[in-house]
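Participant: what shape does this take:
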Amino acid sequence: MLCVYGLSKKHNTEITEYINLENSENEMEGDRTEIIDELNYPLEICKELDTWGGSYIWADFIEENIPRGQSRLHGNYTVCLEKNIGPLKKGCLIYSFGINFDWTFEERAEDYGCQVLAFDPSMAVPAHHHSLNIFFRPIGLSYFDGVIKKNNQLWNMTRFTTLLEENNHTERIIDILKIDIEGSEYEAIPDMIYNGNLKNVRQISFETHNNTILSLEGYYSIYWLLTNNNFVCVASEDWPHLGCARKNEEGTYEIYCYVFTFINMKYAVK
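Facilitator: Okay, here's the model as predicted:
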């Protein structure tokens, strides 16, 4: 059975119990290698996949099949454009957490016809309209509402459920939920699921940072929680650069940052 990472010591006890309950009722078939294989070869449910955002960077280490110096796309997300799953051409709504001054995904979404609500507490800039349909707030995504001190800054943190209530979006379809929050996904996403916040989300794209055993356990928990709540992985990709790689005993680098796209099968069957 899946060994569940209990998240941080401060995590809401009810959420941790919910995660344990969800996983205890769903025996893992085979070992984790099978899960990794499934993610490496996602189900071909979505026939129309598109790449949004990202920029080309030089590969700064030798990776299998990618020689040093060859450019690779980084910061991109895969979007399913299949009917009923893909964002509407007009009136689509996207929540995007984690910007770090890279607006390529959000600007592509705006070009497509979407309104984008963007959030990042680390940029030290006030709330503003980045463009006509992209509104930014210096807030971080978490499993609690409050303030933390990080990098000598005070960061305002909030739960997804709080934002939905504030924006009157509790019953609104969220076309895409994009998350790149440097490891905090292992606490924020379970909180979303526990509160039923993903029921109206068509698809979710998120980066994972699997650089420790605990973060690997956190990802397996997210994987099972999503699949047990009607989501299916349709795309996965590594993000190769030195900030997301570690050297192994052979002297080569192993990537530990991956970006996944899961779709809500609630919409796929219509």
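
Participant: for the rest of this, base every contact and every neighbour count on C-alpha atoms.
Facilitator: Fine.

Participant: give me the neighbour count for Met265.
Facilitator: When neighbours are defined as other CA atoms under 10 Å, Met265 has 18 of them.

Participant: if I look at it, how far off is Asp175?
Facilitator: 13 Å (CA to CA, to the nearest Å).

Participant: Ile139 too?
Facilitator: 21 Å.

Participant: and the strands in the stretch 51-200 of the chain?
Facilitator: For the stretch 51-200 of the chain, applying DSSP state E, counting those that start in this stretch gives strands covering 55-58, 71-74, 77-80, 92-97, 114-119, 128-131, 134-137, 139-141, 146-150, 153-158, 174-179.

Participant: return the fourth one as PDB; C-alpha atoms alone will do.
Facilitator: So that's strand 92-97. Extracted in PDB, the C-alpha atoms of strand 92-97 (Å, rounded to 0.1, in the frame of the first residue of the first chain):
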ATOM      1  CA  CYS A  92     -12.400  31.300 -20.100                       C
ATOM      2  CA  LEU A  93     -11.000  31.700 -16.600                       C
ATOM      3  CA  ILE A  94      -7.500  30.700 -15.400                       C
ATOM      4  CA  TYR A  95      -6.000  30.800 -11.900                       C
ATOM      5  CA  SER A  96      -2.200  30.900 -12.100                       C
ATOM      6  CA  PHE A  97       0.000  30.500  -9.000                       C
END
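
Participant: partner strands of that strand and their direction?
Facilitator: For strand 92-97, the paired strands and their directions (DSSP bridges) are strand 114-119 (parallel), strand 174-179 (parallel).

Participant: kindly report the same for the third one.
Facilitator: The partner list of strand 77-80 in its sheet, established with DSSP bridges, is strand 49-52 (antiparallel).

Participant: please work out the average pLDDT along the strand it pairs with.
Facilitator: The average pLDDT within strand 49-52 is 92.

Participant: now do the buried residues in it.
Facilitator: For strand 49-52, burial by neighbour count (16 or more other CA atoms under 10 Å) applies to Trp52.

Participant: and the helices in this structure?
Facilitator: 13-24, 32-40, 104-112, 160-166, 185-194, 213-227, 265-268 (DSSP state H).
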